[in-house]
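# Kindly return the folded structure for what I paste below:
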Amino acid sequence: MSTEQPKPVEVPKVKEPKKGKEKKEQKVQEVVIPDRAAPIVSDFNTAQFGDLETVQSRYKTDRKWVEMSNLDESFADQMVWIRGRLHTVRAKGKLAFILIRRGFYSVQVTLQCESGSAEDVPREMIKFSGKIPSESIIDVYGKVVKANVAKASQSTVEIKAAKLFVVNASYPILPFQIEDASAPETESENKEAQSIRVGQDLRLDNRWVDLRTPANHAIFRMQSKIGQYFRQFFIDRDFVEIHSPKIIPGVSEGGTEVFRLDYFGVNACLAQSPQLYKQMAVVSDLFRVFEIGPVFRAENSNTPRHMCEFTGCDFEMEIKEGYWECTQMLGDLFVYIFDQLNQNCQAEMKAIQAQYPFEPLKYKREHLIINFKDAVAMLREAGATLSDFEDITTDHEKWLGRLVKAKYDVEFYIVDKYPLGARPFYTMPDFEDPRYTNSYDVFLRGQEITSGAQRVHEVELLKKRATECGLPLEGLAKYIESFKYGAIPHGGAGIGLERVVMLFLGLDNIRKTCMFPRTPSRCTP
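The predicted model follows:
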């Protein structure tokens, strides 16, 4: 490999700012200027510490970087380069201890001087390390040695630093401290811990900082994994991935809770789901399709489980005989995802457990399916009052979850055969009792994560159901027309990705599983 090394330059002396000017500058920028008269480094081969010149792709080297997650005793006595964020630093006298963080991994770096050891560094380097602001990006070159460091994720080793460079210094005053934002959320917190708890609004206003906590980092790695497993499951079963439009001429789910917009003089809205288009894809002889994409709901709901925009994981498939082919597919999908998470995400779950303790999800290979009538009966036996033909409320869903767990020892189950009035217009009625439907919902820990059904594929019945639901046929003209020329019987489901993450991990608020939540009261950052 060719290597272009930067030429060493003479380090200019850094002038201390005048006090009067500093105060004026602080007032304008509203930030405390750090007292860091750091040397500027252009050649890390000859320099031992300092602030690197801005990384502008100006040189290419053969340095070998080691991922922090891989550091263990097998690296003992090796010299390594690592990059991470300065989490904490304690520098006093002849010693300095730095905890470097990268994602939800961390390792301790030590510096010492005047000890007579070969690993000694200049005293000025100790002083330099003590003035690096938390959250700064730093590079460290040093020897890996065996150690016992309980506070670091890589607890069996530490690095004896030989070189220390600041790649990009953080402003010294953070919106909140990462350690405070990483504090465990438990009912037994003491008053001091409660007083420094970082509130949800402050977190979301500064989400780019909040996402750095080990638990948050792990949450979004797991969200990524769920998306990967969802996609892989359907690819392995010969499904075709599609990408449907999000600007559509009419509502796709029924009701009025849509974001409307002017589309070059024509009324349009943001898609409530890819529902109509994934059905069109199936009747176009793609037979089995899936999609991962944004979903928009103009619901003025400020609950811990609702958002105005979320990620939908949808599938639609040909049905040969009955809707149970879809429920079997759904059950197999979730068991596959749960198995993969438990097998491959132990490090992530450990990081999340440290801040948000949760019990592992209870599920079985054999899918538990409960008829809607039986679910209502279970609730009534427990003392609930509810109608035969109305949807189950959120409170009743959670109640049912507790009853199911007590009776069947599972937290993953399916309820089918919902009342006709509780489902969208395109849901196929039950042939034995048309007051009910060939529909189903999937539940985790007593909350719904998936809604699906066999779809109506007969044109006249589709028109009738749309009219009964108060939907104007003109907005559905092309959708209805797609069923006129021979439509394959089909069904499917729509899954909320953020809600799956939230409930698998036993979290209390869906905003914790959305990178930048959109709610009725929040449209930034």
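# List the buried residues of the longest strand seen in the chain.
Longest strand of the chain, by residue count under DSSP state E: strand 79-92. By neighbour count on 16 or more other CB atoms under 10 Å, the buried set for strand 79-92 is 80, 82-89, 91. C-betas here are computed from N, CA, C, even on glycine.
# next one: stretch 377-384
Buried residues in stretch 377-384 (16+ other CB under 10 Å): 378-379, 384.
# Just give me the closest of these to residue 421.
residue 379 (18.1 Å; CB to CB).
# Please identify the helix or strand for the closest one.
helix 372-381 (DSSP states H and E).
# Low-confidence stretches in this protein?
1-35, 187-195, 252-256 (pLDDT under 70).
# So for the residue nearest the centre of it, what's the nearest residue that isn't a sequence neighbour?
Among the residues of the chain, the one closest to the centroid is residue 220, at 3.2 Å (CA atoms, centre = their mean). In this structure, residue 220 finds its nearest non-sequential neighbour in residue 515, 6.4 Å apart by CB to CB, 6 or more residues apart in numbering.
# again with residue 66
Per CB to CB, 6+ apart, closest to residue 66 is residue 80, 4.4 Å.
# residue contacts, the residue nearest to residue 220?
207, 211, 220 (CB atoms under 8 Å, 6 or more residues apart in numbering).
# in what helix or strand does it lie?
Using DSSP H and E, residue 515 falls within no helix or strand.
# can you check residue 479 too?
helix 477-481.
# Ok, residue 201 next?
Using DSSP H and E, residue 201 falls in helix 200-205.
# Now render the contacts of residue 515 as TSV, adding distance to residue 479 and secondary structure.
What follows is the contacts of residue 515, written out as TSV (distance: CB to CB, whole Å; DSSP: H, G, I helix; E, B strand; the rest coil):
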residue	distance to residue 479	secondary structure
207	37	helix
211	39	coil
220	35	helix
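# Was I right to think residue 419 contacts residue 372?
Yes - using CB atoms under 8 Å, residue 419 makes contact with residue 372 at a distance of 7.0 Å.
# shared neighbours, the two?
residue 436.
# Direction included, what does the helix or strand following the longest strand of the chain pair up with?
Heading C-terminal from strand 79-92, the first helix or strand you meet, by DSSP H and E, is strand 95-102. Paired neighbours of strand 95-102 in the sheet (DSSP bridges): strand 79-92 (antiparallel), strand 105-112 (antiparallel).
# got those as CSV, with distance to residue 487 columns?
Supplementary listing: the strands paired with strand 95-102 in CSV, determined by distance: least, CB to CB, whole Å:
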stretch, distance to residue 487
strand 79-92, 55
strand 105-112, 52
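# Of all those, which one comes closest to residue 164?
Checking those against residue 164 by CB to CB gives strand 105-112 as the closest, at 7.2 Å.
# that's a helix at residue 124, yeah?
Yes - checked against DSSP: H, G, I helix; E, B strand; the rest coil, residue 124 lies within a helix.
# Let the chain start at 28 from now.
Sure, I'll start numbering at 28, so the last one becomes residue 151.
# For residue 68, give its distance to residue 365.
Using CB to CB, to the nearest Å, residue 68 is found at 49 Å from residue 365.
# what's the helix or strand that the helix holding residue 228 is followed by packed up against?
Following helix 227-232 in sequence order, the next helix or strand is helix 234-237 (DSSP H and E). Secondary-structure packing of helix 234-237 (3 or more CB pairs under 8 Å, 6 or more residues apart in numbering; DSSP states H and E): helix 205-208.
# How about residues contacting the helix it packs on?
114-115, 128, 161-162, 223-225, 230, 236-237, 239-240.
# how about 7 Å then?
114, 162, 223, 225, 230, 237, 239-240 (CB atoms under 7 Å, 6 or more residues apart in numbering).
# Just the CA atoms from it would do, formatted as CSV, please.
Output in CSV follows, covering the C-alpha atoms of helix 205-208 (Å, rounded to 0.1, in the frame of the first residue of the first chain):
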residue,chain,number,x,y,z
ILE,A,205,-24.0,11.4,29.0
GLU,A,206,-23.6,9.7,32.4
ASP,A,207,-26.8,11.3,33.6
ALA,A,208,-28.6,10.3,30.5
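# quick one, strands of the stretch 378-527 of the chain?
Using DSSP state E, counting those that start in this stretch, the strands of the stretch 378-527 of the chain run over 396-398, 439-443, 466-471, 474-481, 517-523.
# Can you mark which positions in the longest one are buried?
Think strand 474-481. Going by neighbour count (16+ other CB under 10 Å), the buried part of strand 474-481 is 474-481.
# and if you look at the first one?
Counting neighbours by 16+ other CB under 10 Å, one finds that the buried residues in strand 396-398 are 396-397.
# Does anything pack onto that strand? Which helices or strands?
strand 439-443 (3 or more CB pairs under 7 Å, 6 or more residues apart in numbering; DSSP states H and E).
# Which residues outside the strand it packs on are in contact with it?
354, 357-358, 361, 388, 390, 394-399, 402, 431, 466-471.
# Now the buried members of these.
354, 357-358, 361, 388, 390, 394-397, 399, 402, 431, 466-471.
# Please, which helix or strand holds residue 319?
With DSSP H and E as criterion, residue 319 is part of strand 315-323.
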